[in-house]
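here is the input, now give the coordinates:
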Amino acid sequence: MATAMGSGLETWYWHGIHASPYLGVSWRWFKFLGQGLFGPVIRYAVSTLSCFNHRVHLIEANVKFRRPEGFSVTNDALNDDRELVGSRGKRGGGSTPTQNAGGKKPRTDADGFKDVIGRIKGLGVSHVYCWHAFFGYWGGLHPDSSEMRQKFSQITIVAPEHTPGLLAVEPSQAWDPITVGGVGVVANTDDYSKFFDELHMYLAASGVDGVKVDGQAVVGGLGRGRGGGPAMAKNMHLSLERSVKKHFPTNGLINCMCHSSENILNFKDSALARVSDDFYPTNKASHTVHVANVAYNSIFMGEIVVPDWDMFQSHCGQAGALHAAARAVGGCPVYVSDAPGQHDFALLRKLVFPSGKVLRARLPGRPTRDCVFTDPCTDGSTALKIWNKNHVHDSGVVGCFNVQGASWSRKKGIFVEEKNCEFVIASVAPKDVETLRRNSDFAKKFVTMAHRSGEVRVLSMDDHWRIKLPSKQWEIFTIAAKRGVSGAGFEGGKPCFKPEWAFVGLTGMLNGGGAVLADTFTENEETYAQTVTATAEVYGCGSLSAWAKTQPLSVAVNGEKVTYAWTPLANENGGGAVVTIPLGVREGTHAVDLLFVRN
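Residues are numbered from 1 along each chain as shown. Presented below is the predicted three-dimensional model:
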């Protein structure tokens, strides 16, 4: 009964109150109630049921990390701790402990936070990042905290004043918990330099390697009396990046909720930022929209930062595979929020090697040019195609996705589902990869492999490969330029020797082409038989898929001959054959040789 009532109230809020149009009568009424009459009730409810108006009152970790009474640290534990926070490279962990401006080392022995980081790294995790908000926490700094009052001259609770443009897009910000509860802001923005420095010093000394800094967009509404939002953001980002550079020297910073111009245009050293809305695991309508939004946002954001596609959960059925495939072509970091014991390892092994490394494409994943001015979420016919390039200059990857059937409703302010088609037709060509279109001869041929079906075709730049994609389905096409030698006539009128080949990619990885790091070939005409050796540098493990016009005499991996599979292609698919080469179970860099000999 209680669950049903709660669900009903939630539905009433999202479809009633939350959907009130900006400047409408209902919006003005709810704004009055939220910020005035019911403000104390909302603040109390939010502080009790969530953390969205909690504030920072202490730099060190809170009571959850306190050591039990009577706990003693052994010499071995102390040695482990020293190793964890020593120079990088020992157990993969922790920044070197630093000192603040006063020359004091951070206090880490008063709580068990450092122990937690050490235990995590003891399980084989090489790097640990921590989350904090731009203003410390969602509610900022606590004005009544004795430690905060000692460190900063004045802290006041400031209610964000949102711009009309923001409220037009998201009217409910007028009674959002942060708006109603306010944010604890220091009077002198320069004090944030001290705050970031002390917070990051403590984290680094505890073995933390970087931070994800969330909630940046609110800065625009807090700048009144402090030079304005853009000036405040500029000062805070300068302080943030300076602190990160000092305490996390590998530039361990992920920016988040930062799409407003006063944030992104003040990134100087920042390399990584989330370019999506949150990942909502239980909101079925959000998954396809998430993939589309990141692809289109990356057109702009990809010129400023490496786009972060946010976390996902591998066990979400169709949605889990859809997210994994999108990240494989996104040129982004990969991380999941699966609960322990709920990982889909069969899927994750196609995305991540045993070492934790991924085959990251070289650019931000962006829509192909025929998708740029279409709406693949609602028009009922368009497949979203995302292109990227890999290490070899004339190689690439295209991901095709059916993301029809859901969208963000500006009117309701929520994700909505609308079944508008059973399937879409995706049409893929090598020219979809912009770097191939710009840098390759249109007469060149490309060996193209579909990941899910395993089918291989030889295509020209303009040839199209069409596939049918049901709802939330996808396919990834790995594209590699065909190689060959010109050849020359021999005595006796024998025909020219012109072997052709291509190293395509690992068959078991979503972006298998990212495993091919380089390729070349050598010719030898001094022996009795003319030979050509095609060589590739390949990273990973499992099986490598290659293509050859004629069968090689032998295939070698790291100088040792291996038994390979030779699977001829039909003439309509370009002829030749697929060469499947076992690399073995050892993850690493392998030298692969195809030896062709003139008959």
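
mean confidence for the longest strand anywhere in the chain?
Longest strand in the chain, counting residues (DSSP state E): strand 577-597. In this model, strand 577-597 has an average pLDDT of 97.

which helices and strands does that strand pack with?
Strand 577-597 is packed against strand 500-506, strand 531-548, strand 554-557, strand 565-568, with contacts defined by 3 or more C-beta pairs under 8 Å, 6 or more residues apart in numbering; DSSP states H and E. From N, CA and C alone the C-beta is placed, and that goes for glycine too.

which of those is buried the deepest?
A comparison of the helices and strands packed on strand 577-597 by mean neighbour count, using mean count of other C-beta atoms under 10 Å, puts strand 500-506 on top with a mean of 27.

what lies in contact with that strand?
By C-beta atoms under 8 Å, 6 or more residues apart in numbering, the surrounding residues in contact with strand 500-506 are 359, 390, 392, 446-447, 449, 456, 478, 480-484, 511-516, 519, 534, 536, 538, 540, 542-550, 552, 576, 579, 583, 592, 594, 596.

hmm, which of those residues are the buried ones?
Among the contacts of strand 500-506, those classed as buried by 16 or more other C-beta atoms under 10 Å are 359, 390, 392, 446-447, 449, 456, 478, 480-483, 511-516, 519, 534, 536, 538, 540, 542-550, 552, 576, 579, 583, 592, 594, 596.

ok, V578 touching Y564?
No - checked against C-beta atoms under 8 Å, the pair V578 and Y564 is beyond contact range at 10.0 Å.

export the helices and strands packed on strand 577-597 to CSV and tack on distance to R119 and mean pLDDT?
Listed next are the helices and strands packed on strand 577-597 as CSV, based on distance: least, C-beta to C-beta, whole Å; pLDDT from 0 to 100:
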stretch, distance to R119, mean pLDDT
strand 500-506, 34, 97
strand 531-548, 29, 97
strand 554-557, 39, 98
strand 565-568, 45, 97
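
which of those sits closest to H290?
Distances from H290 to each of the helices and strands packed on strand 577-597 were compared by C-beta to C-beta, and the smallest falls on strand 500-506, at 26.2 Å.

and the following helix or strand past that closest one, what does it pack onto?
Later in the chain than strand 500-506, the nearest helix or strand by DSSP states H and E is strand 516-524. With contacts defined as 3+ C-beta pairs under 8 Å, 6+ apart, strand 516-524 has these neighbours: strand 500-506, strand 531-548.

in CSV: these, plus distance to E262.
Below are those laid out as CSV (distance: least, C-beta to C-beta, whole Å):
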stretch, distance to E262
strand 500-506, 42
strand 531-548, 40
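
of all those strands, which one is nearest A187?
strand 531-548 (52.6 Å).

check contacts around D593.
Applying C-beta under 8 Å, 6+ apart to D593 gives the contacts T533, A534, T535, V555, A556, V557, G559.

try it again at 6 Å.
T533, T535, A556 (C-beta atoms under 6 Å, 6 or more residues apart in numbering).

repeat that for W547.
Neighbouring residues of W547 by C-beta under 6 Å, 6+ apart: V447, A502, G576, V578.

I'd like those residues as CSV, with distance to E170 appended.
Formatted as CSV, the contacts of W547 follow (distance: C-beta to C-beta, whole Å):
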residue, distance to E170
V447, 47
A502, 49
G576, 55
V578, 51
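
nearest to L167 among those?
Where these are concerned, and distances follow C-beta to C-beta, L167 has its nearest neighbour in V447, at 52.4 Å.

dihedrals phi and psi, the closest one?
For V447, the backbone dihedrals are phi -90, psi 120 (criterion: degrees, to the nearest 10).

mind pulling up the pLDDT for it?
What the model reports as pLDDT for V447 is 98.

S172 too?
In this prediction, S172 has a pLDDT value of 88.

that's a strand at it, yeah?
No - the assignment for S172 by DSSP: H, G, I helix; E, B strand; the rest coil gives helix, which leaves it out of any strand.

how far away is the spatially closest residue to it that is not a sequence neighbour from R466?
Setting aside the residues directly before and after it, S172 is nearest to H18 in space (C-beta to C-beta, 6 or more residues apart in numbering), at 4.9 Å. H18 sits 41 Å away from R466, going by C-beta to C-beta, to the nearest Å.

higher neighbour count, those two?
In this view H18 and R466 are compared by other C-beta atoms under 10 Å, and H18 has more residues nearby, 17 against 10.

and that one, how far from S355?
For H18, the distance to S355 (C-beta to C-beta) stands at 44 Å.
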